[in-house]
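> here are the coordinates; sequence isn't available:
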């Protein structure tokens, strides 16, 4: 609860901490205890910070419990991010943003789920959301690995160092052939034998 004029407003621990941090007050947990460091001498406390510090003193245990919760869930999410980064390369995310937007959007949806679970202090929900976050990156990585390769990507995969002087129409034909899951492809009025399966054999 903090005073605005003559009105007393009840604020949650996270908002109380955010307002204090906004005034330069540092708060952290050390050996299970709440530690507070002021940016000014005690005799020169900023007038707007006085009611916030009074509220902190009154709700010290509650704020300490909230900070401990925040530290625990932030550590959980950092670990999920570390696993996700090992699972999915940046190129796959860029690809998913345009080619599979539903997979890319799923990452943001899971982040929102995790934040909601944190706000409600739902540890089971946080664990489920963290696992879903890693899985969302795995889904992107899996879709990226299974995508149909273009002619340029196939050339890079085989380490080709030659330049083919092809017209745009010829490049389109090659893209069509390489992208097809069929053994024989009809393109540009001709029958082409698709190299489907090369990618798996040479990766």
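Noted; the coordinates are in hand. All figures in this text were calculated on a predicted structure; none of them were measured in a lab.

> Any regions of this structure where pLDDT drops low?
For the chain, the stretches with pLDDT under 70 are 1-10, 149-166, 193-203.

> how about the strands in it?
Remark: strands assigned in the chain by DSSP state E are 2-4, 7-9, 26-30, 33-37, 184-187, 190-193.

> count of residues packed around residue 92?
21 (other C-beta atoms under 10 Å). Heads up, the C-betas are built off the backbone N, CA and C, glycines and all.

> mind giving me JSON lines with the strands of the chain and columns for distance to residue 86?
Output for the strands of the chain, formatted as JSON lines (distance: least, C-beta to C-beta, whole Å):
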{"stretch": "strand 2-4", "distance to residue 86": "44"}
{"stretch": "strand 7-9", "distance to residue 86": "45"}
{"stretch": "strand 26-30", "distance to residue 86": "29"}
{"stretch": "strand 33-37", "distance to residue 86": "34"}
{"stretch": "strand 184-187", "distance to residue 86": "36"}
{"stretch": "strand 190-193", "distance to residue 86": "38"}
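
> now those in TSV, with distance to residue 134 and mean neighbour count?
Converted to TSV, the strands of the chain look like this (distance: least, C-beta to C-beta, whole Å; neighbours: other C-beta atoms under 10 Å):
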stretch	distance to residue 134	mean neighbour count
strand 2-4	39	13
strand 7-9	39	10
strand 26-30	27	12
strand 33-37	32	12
strand 184-187	37	14
strand 190-193	40	11
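
> How are the helices of this structure distributed by residue range?
For the chain, the helices defined by DSSP state H cover 13-22, 50-58, 60-87, 90-99, 101-119, 123-146, 151-157, 168-179, 198-202.

> The first one vs helix 60-87, what angle?
Translated: helix 13-22. 90 degrees (axes from the mean of the first three to the mean of the last three C-alpha atoms, to 10 degrees).

> tell me which residues of helix 13-22 are tucked away?
Neighbour-count burial for helix 13-22 flags 13, 16-17, 19-20 (criterion: 16 or more other C-beta atoms under 10 Å).

> Stretch 48-55 now?
Neighbour-count burial for stretch 48-55 [16+ other C-beta under 10 Å]: 49, 51-53, 55.

> so how far is stretch 32-48 off the chain centroid?
34 Å (C-alpha atoms, centre = their mean, to the nearest Å).

> Would you work out how far apart the start and end of that stretch are?
28 Å (C-alpha to C-alpha, to the nearest Å).
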